[in-house]
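Engineer: Attaching a predicted model along with its sequence, questions to come.
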Amino acid sequence: MSAQVESGELEVREEYVNNEATGVEVEEDEPASPSKEPWDPDKIKIHTKSYSARQIG
């Protein structure tokens, strides 16, 4: 994310390693959002029966 400048243009900051420009834009960390589970744990099915690769095909 780049900083907004008053003239409406984006200010791009370049990343440096060992005081040399890398040609890559600096990535600013966004604040962490509250953790959400991307799935419903009640809908996860677990099968404990073992099977072999022959049974799949």
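Structural biologist: The structure has been received and is ready for your questions. Residues are numbered from 1 along each chain as shown.
Engineer: Please count neighbours and contacts with C-alpha atoms only from this point.
Structural biologist: Will do.
Engineer: check contacts around Y16.
Structural biologist: Applying CA atoms under 8 Å, 6 or more residues apart in numbering, we find Y16 in contact with T22.
Engineer: Any figure for the gap between it and I56?
Structural biologist: Counting by CA to CA, to the nearest Å, the gap from Y16 to I56 is 51 Å.
Engineer: same question, A21
Structural biologist: Per CA to CA, A21 is found 53 Å from I56.
Engineer: Comparing those two, which residue is more hemmed in?
Structural biologist: Neighbour count, other CA atoms under 10 Å: between A21 and I56, A21 has more, with 11 against 6.
Engineer: So which helix or strand of this structure has the lowest pLDDT on average?
Structural biologist: Least confident helix or strand of the chain, by mean pLDDT, DSSP states H and E, is strand 3-4 with a mean of 46.
Engineer: Next SSE downstream of that one?
Structural biologist: Using DSSP states H and E, the helix or strand that directly follows strand 3-4 along the chain is strand 10-11.
Engineer: Past that next one, which element shows up next along the chain?
Structural biologist: As assigned by DSSP H and E, the chain's next helix or strand after strand 10-11 is strand 14-17.
Engineer: Report the rounded mean pLDDT for that next one.
Structural biologist: Mean pLDDT, strand 14-17: 90.
Engineer: ok, E14 - how many residues close by?
Structural biologist: E14, neighbours per other CA under 10 Å, totals 13.
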